[in-house]
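Engineer: Quick one: sequence plus predicted model below, questions after.
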Amino acid sequence: MESGTLIRNRVALALHWMLGGLFLYAGTIKALAPAQFALDIANYRLVPWPVAAGLALYLPWLEILAGGILILGPWRAGALRILLLLMLVFLQALLTAWLRGLNIHCGCFGSALATSNYALLFLRDLLILSGLGWLLGEEWKRRVAEEAVAERETRGL
Amino acid sequence: MLVIALLAALPALAASVFHPNRPAWSREVLAPDEITPREAMALTEVVWIDARSRKAFAAEHVPGAFSLNEDEWNQSLLTFASHFQPGQTLVVYCDSLECNASHQVAARLRKELGAEKVRVLKGGWAAWKAER
């Protein structure tokens, strides 16, 4: 294997673990206090209360499961797509709250790391989104390469 | 992707039934750690915690309430801790149904002070005034 590819693979693995750990942590904190997370969601004033309550119960477990899968391996592409979608939704919610001038905690990590500095929050989420996007691109490249090898082997037979 | 999304629904469903800090499905219904103004007023030994800003507290507050907001947390908590007796019931309030400072302060009181009987006033200061 080329050294460049080896480095890319190692960076990808480290990033899988970092982002997986981050989502595991974020999900666990919120799963421990769903009532608090429901209030955080409701404060964005985007969805009615019952929807906020439902999301507060569901989203932390989705983050935990997808974060765990990023670390452990199987179904990584699916987990990456889910987390990418989640980040897009979080970013959109954050942007609309910013534009409406709401002074709220983002709720991203429960009551830990609570800040209302939208620029920082937006930058942090963009960085996470970029990492997830890059990993999904790497997964896609790996799959294309594997399919090409499989096709060559089939022709060889 | 769909399998992961469906798998996550299983613990979420369990949490909606068994989690001690689960949210109520309606804002008319109390969450497990919430208390109505009427119930709180009926308590004989209660310590009121005002989680609003110092300015709002100075303007008006529940008689005997202690100001404990997150902006001045460390200093205020030290002062409060010297008065706090384990076993006391603490009722935390913020402005209204729309704020969540009371929930955050209640969570920190449980975690950092080890307080066990911490309740959040449903509807906050606005509801207390209306009930009074």
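Structural biologist: Thanks, I have it. A quick note: this is a predicted structure, and the numbers were derived from the prediction, not measured. Numbers count the residues shown, from 1 in each chain, chains lettered A, B, ... in the order given.

Engineer: As a check, name the ranges of all helices in the chain.
Structural biologist: No chain in the question, so chain A it is. A:3-32, A:34-43, A:49-72, A:76-100, A:118-156 (DSSP state H).

Engineer: You answered for a different chain; I wanted chain B.
Structural biologist: When assigned using DSSP H, the helices of chain B occupy the ranges B:2-18, B:37-42, B:54-59, B:73-83, B:101-108, B:124-131.

Engineer: Reformat the helices of chain A as TSV; add distance to chain B and mean pLDDT.
Structural biologist: The way it works is simple: take the backbone N, C-alpha and C, and place the C-beta from them, glycine included. As requested, these are exported to TSV (distance: least, Cβ to the nearest Cβ, whole Å; pLDDT from 0 to 100):
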stretch	distance to chain B	mean pLDDT
helix A:3-32	7	92
helix A:34-43	4	83
helix A:49-72	4	95
helix A:76-100	4	93
helix A:118-156	12	90
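
Engineer: want to try JSON lines for the ones you listed, with distance to residue B:48 and mean neighbour count as columns?
Structural biologist: JSON lines is the format used below for the helices of chain A (distance: least, Cβ to Cβ, whole Å; neighbours: other Cβ atoms under 10 Å in any protein chain shown):
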{"stretch": "helix A:3-32", "distance to residue B:48": "26", "mean neighbour count": "16"}
{"stretch": "helix A:34-43", "distance to residue B:48": "20", "mean neighbour count": "26"}
{"stretch": "helix A:49-72", "distance to residue B:48": "26", "mean neighbour count": "22"}
{"stretch": "helix A:76-100", "distance to residue B:48": "31", "mean neighbour count": "18"}
{"stretch": "helix A:118-156", "distance to residue B:48": "33", "mean neighbour count": "13"}
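
Engineer: I'd like to know which of those lies nearest to residue B:19.
Structural biologist: Evaluated over the helices of chain A, closeness to residue B:19 peaks at helix A:34-43, with 6.0 Å, by Cβ to Cβ.

Engineer: packing partners for the closest one?
Structural biologist: Secondary-structure packing of helix A:34-43 (3 or more Cβ pairs under 8 Å, 6 or more residues apart in numbering or on different chains; DSSP states H and E): helix A:49-72, strand A:108-111, helix B:101-108.

Engineer: Next up, the contacts around residue A:82.
Structural biologist: Shown in contact with residue A:82 (Cβ atoms under 8 Å, 6 or more residues apart in numbering or on different chains): A:62, A:66, B:1, B:4-5.

Engineer: Now tabulate the helices of chain A in JSON lines and tack on distance to residue B:110.
Structural biologist: Listed next are the helices of chain A as JSON lines, based on distance: least, Cβ to Cβ, whole Å:
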{"stretch": "helix A:3-32", "distance to residue B:110": "12"}
{"stretch": "helix A:34-43", "distance to residue B:110": "12"}
{"stretch": "helix A:49-72", "distance to residue B:110": "19"}
{"stretch": "helix A:76-100", "distance to residue B:110": "27"}
{"stretch": "helix A:118-156", "distance to residue B:110": "26"}
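
Engineer: quick one on the thing from earlier: okay, the helices and strands packed on helix A:34-43 in CSV with distance to residue B:36 next?
Structural biologist: Below are those laid out as CSV (distance: least, Cβ to Cβ, whole Å):
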stretch, distance to residue B:36
helix A:49-72, 17
strand A:108-111, 24
helix B:101-108, 14
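
Engineer: Quick one: name the residues of chain B near chain A.
Structural biologist: The interface of chain B toward chain A, taken as Cβ under 8 Å from any Cβ of the partner chain, is made up of B:1, B:3-5, B:7-9, B:11-13, B:15-16, B:19, B:21-27, B:31-33, B:98, B:100, B:103-104, B:107-108.

Engineer: Going through those, which ones are buried?
Structural biologist: Neighbour counting with 16 or more other Cβ atoms under 10 Å in any protein chain shown marks B:4, B:7-8, B:11-12, B:15-16, B:19, B:21-24, B:27, B:31, B:33, B:100, B:103-104, B:107-108 as buried within the residues of chain B next to chain A.

Engineer: Format the helices of chain B as JSON lines; extra columns: distance to residue A:70 and mean pLDDT.
Structural biologist: Below are the helices of chain B laid out as JSON lines (distance: least, Cβ to Cβ, whole Å; pLDDT from 0 to 100):
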{"stretch": "helix B:2-18", "distance to residue A:70": "11", "mean pLDDT": "93"}
{"stretch": "helix B:37-42", "distance to residue A:70": "45", "mean pLDDT": "88"}
{"stretch": "helix B:54-59", "distance to residue A:70": "43", "mean pLDDT": "92"}
{"stretch": "helix B:73-83", "distance to residue A:70": "34", "mean pLDDT": "90"}
{"stretch": "helix B:101-108", "distance to residue A:70": "28", "mean pLDDT": "90"}
{"stretch": "helix B:124-131", "distance to residue A:70": "39", "mean pLDDT": "90"}
